[in-house]
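S.K.: Sequence and computational prediction follow.
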Amino acid sequence: MGCDRWVMLVIPIIYALSNVSGELKRFEQPSKGDGSLSFLVIGDWGRRGAFNQSQVASQMGKMGEKLDIDFVVSTGDNFYDNGLRSVHDLAFEESFTNIYTANSLQKQWYSVLGNHDYRGDAEAQLSPLLTKIDTRWLCLRSFIVNAELAEIIFVDTTPFVKSYFQDPEDHIYDWRGINPRKHYIANLLKCALRESNAKWKIVVGHHAIKSVGHHGDTRELATHLLPILKANNVDFYMNGHDHCLEHISDTESPIQFLTSGAGSKAWRGDVKQLNREGLKFFYDGQGFMSVQLTQSNAEIAFYDVDGKILHRWNAFKQFGDHSSI
Ligand SMILES: *[C@@H]1O[C@H](CO)[C@@H](O)[C@H](O)[C@H]1NC(C)=O
């Protein structure tokens, strides 16, 4: 459309005029002594333990111990229904601190915001005050975790979705720090396109690029973010948003699309295209995902509310080879 062409012309001009630093905040996450790394991925969870949230948390605790995890990744929609009201909102403790109590989960949590988090005080979740209440908590809009073996880029995907701005229905979104949207997105994409020597490259966002669940693909991410993931040789894109567990292999690149958004309310019963090319696994119920990495191997596994393994998948890398098989 003419309008989009206009944007393509204008965005480079905005770059030229503004002094955008273009650097994401970076965190160093040491791997284990043997160089391996393991972590759990959970999304769409904060419901004060309801909808099997506590059961999933308890299985995460067991699996976290077994895999000796280094950290936990949260794919967003951390607090339902409408994020946190403020830094003093007790939902933080009721849905996080008092739920994920297992010893093995007393590690760093790296979180992004989901669309529901933007319906409250989005900045509250980014506040260092929450880290004072629970030292595990770290949530930023977009940031990088350098875990030696892996580089993980966390991307704030909610501002990509145009309909939240144009047709918010009866929801009020906290767009402080986001407007003008196009500038925000363009800057973020510029930061996301980067060289890295890490063996495994992972990108985490709330919204799916590809999903056969209720929300389906996120068109804006497929258009703007996916080409960057391909150019960067990203191995895994991990997301929540659809309250399910799923694994889709890209048909045009080695990228694996992994949805872990089943931290509490699930069983939506809305599945599209079960015959979709590249679809390896889909589960409509609650659960979580684990990731184990070494120099040459990645193992992804999905678990249900009883801790049963539903799907397991391996990727191998030769020395110096950046494509998974
Ligand atoms: C909790 O998990 C069990 C086992 O999957 C399921 O049968 C039940 O419906 C779940 N409860 C809710 C509220 O989703």
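M.R.: Noted; the coordinates are in hand.
S.K.: which non-adjacent residue is nearest F27?
M.R.: Across the structure, with C-beta to C-beta, 6 or more residues apart in numbering as the measure, the residue nearest F27 apart from its sequence neighbours is V145 (5.1 Å). Backbone N, C-alpha and C define where each C-beta goes, glycine included.
S.K.: Which neighbouring elements make contact with the helix or strand that neighbour falls within?
M.R.: For V145, the enclosing helix or strand under DSSP states H and E is strand 143-147. Based on contacts counted as 3 or more C-beta pairs under 8 Å, 6 or more residues apart in numbering; DSSP states H and E, the elements that strand 143-147 packs against are strand 25-28, strand 150-155.
S.K.: what residues does the first one touch?
M.R.: The reference is to strand 25-28. Y110, L138, L140, F143, I144, V145, N146 (C-beta atoms under 8 Å, 6 or more residues apart in numbering).
S.K.: and these, which are buried?
M.R.: Neighbour-count burial within those applies to Y110, L138, L140, F143, I144, V145; the criterion is 16 or more other C-beta atoms under 10 Å.
S.K.: pretty sure the residue nearest to F27 is touching V112, no?
M.R.: No. Between V145 and V112 no contact is recorded; they are 11.4 Å apart, counting by C-beta atoms under 8 Å.
S.K.: shared neighbours of the two, anything?
M.R.: In contact with both V145 and V112: F154, using C-beta under 8 Å, 6+ apart.
S.K.: Looking at the stretch 51-200 of the chain, which residue is nearest the ligand?
M.R.: N52 (3.9 Å; C-beta to the nearest ligand atom).
S.K.: Setting aside sequence neighbours, what's the nearest residue to that residue?
M.R.: Spatial nearest neighbour of N52, excluding adjacent residues (C-beta to C-beta, 6+ apart): Q286 at 4.5 Å.
S.K.: Cross-check the contact I'm expecting between the one you found and A57.
M.R.: No. Counting by C-beta under 8 Å, no contact exists between Q286 and A57, whose distance comes to 10.4 Å.
S.K.: which one of those two has more residues nearby?
M.R.: For Q286 versus A57, the count of surrounding residues by other C-beta atoms under 10 Å is larger for Q286: 26 against 22.
S.K.: where in the stretch 1-150 of the chain is pLDDT low?
M.R.: For the stretch 1-150 of the chain, the stretches with pLDDT under 70 are 1-22.
S.K.: interface residues of it facing the ligand?
M.R.: Along the stretch 1-150 of the chain, the residues adjacent to the ligand under the rule C-beta under 6 Å from any ligand atom are F51, N52.
S.K.: ranges for the helices of the stretch 1-150 of the chain?
M.R.: 2-17, 53-66, 91-92, 122-125, 128-133 (DSSP state H, counting those that start in this stretch).
S.K.: what's the spacing between the last one and its chain's center?
M.R.: A distance of 21 Å separates the C-alpha centroid of helix 128-133 from that of its chain, computed with C-alpha atoms, centre = their mean, to the nearest Å.
S.K.: likewise the shortest one?
M.R.: Its chain's C-alpha centre lies 20 Å from the corresponding centre of helix 91-92 when counted by C-alpha atoms, centre = their mean.
S.K.: And for Y100, nearest residue in space, chain neighbours not counted?
M.R.: For Y100, ignoring the flanking residues on the chain, the nearest one in space by C-beta to C-beta, 6+ apart is A57 at 5.0 Å.
S.K.: Let me know the secondary structure of the residue of the stretch 101-250 of the chain found nearest the ligand.
M.R.: The stretch 101-250 of the chain approaches the ligand most closely through H243 (9.7 Å), counting by C-beta to the nearest ligand atom. Three-state call for H243 (DSSP: H, G, I helix; E, B strand; the rest coil): coil.
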